[in-house]
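[1] Sequence and predicted structure, then a few things I'm wondering about:
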Amino acid sequence: MTDLVLKRLAYRSDGIFSALLLDGAPRFVTLEHAFPLGIGDSLLPVIPPGEFECKRGVHQLAHSGPFQTYEVTGVAGHSGLLFHWGNVNADSDGCVLLGLQFGFVGGVLQVLNSRLAFQQFMDWANNRESLSLTVQT
């Protein structure tokens with residue numbers, strides 16, 4: 001059984017919004033950066049649909065100290081794709097931002113309660129060395 005399923009729900013200019021299922025049950029919402037393809041209004045995230053291994057390790061964001069999280073590995077041409085906190089499209093450069101719910105702030109759709117969601121995610125992961133991830137469109 002896959003540990004994590006990322007079920008994409010909406011492709012918008014303010015982000016790619018998904019539900020994250022843990023052990024088959026919906027638990028969190030997510031936001032990934034929406035990258036324009038340059039073809040019409042098409043937007044894509046960095047992580048394509050498929051199966052991936054997420055490895056636990058110590059990482060650091062531009063404006064944070066070192067912290068434990070999971071990196072999505074096996075994405076061609078990319079590394080450093082992390083699960084972490086953040087609320088809006090600009091907080092992700094391809095990473096998966098975790099939240100407890102979606103909400104509009106200043107007319108921008110985002111994920112809310114991100115730091116709490118990240119802590120709950122890490123508590124659930126319980127220091128496992130790796131997690132399996134299935135990404136669905």
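    That came through, no problem.
[2] what's across from residue 68 in the sheet?
    residue 58 (DSSP bridges).
[3] Correct me if wrong: it contacts residue 55.
    No: in this structure, residue 68 is not within contact of residue 55 by CB atoms under 8 Å, at 11.3 Å. No exception for glycine: its C-beta is placed from N, CA and C like everyone else's.
[4] More neighbours: the two, which one.
    Higher neighbour count among residue 68 and residue 55: residue 55, with 15 against 11, using other CB atoms under 10 Å.
[5] Helix, strand or coil: sort out that one for me.
    Classification of residue 55 using DSSP: H, G, I helix; E, B strand; the rest coil returns strand.
[6] what sits against it?
    For residue 55, the contacting residues are 70, 71, 73, 129, 130, by CB atoms under 8 Å, 6 or more residues apart in numbering.
[7] Tell me where this protein has helices.
    In the chain, the segments counted as helices under DSSP state H are 114-125.
[8] which residues of it score low on pLDDT?
    Applying pLDDT under 70 to the chain flags the ranges 1, 38-41.
[9] need the strands for it, in chain order.
    4-12, 15-22, 25-32, 35-36, 43-44, 50-59, 67-73, 81-84, 96-99, 101-105, 108-112, 130-136 (DSSP state E).
[10] Please produce CSV containing those, extended by distance to residue 119.
    What follows is the strands of the chain, written out as CSV (distance: least, CB to CB, whole Å):
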stretch, distance to residue 119
strand 4-12, 16
strand 15-22, 14
strand 25-32, 11
strand 35-36, 28
strand 43-44, 29
strand 50-59, 15
strand 67-73, 11
strand 81-84, 11
strand 96-99, 9
strand 101-105, 16
strand 108-112, 14
strand 130-136, 16
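[11] Mean neighbour count, the ones you listed: which tops it?
    Looking across the strands of the chain with neighbours counted as mean count of other CB atoms under 10 Å, the highest average goes to strand 96-99: a mean of 27.
[12] Thanks a lot, see you next time.
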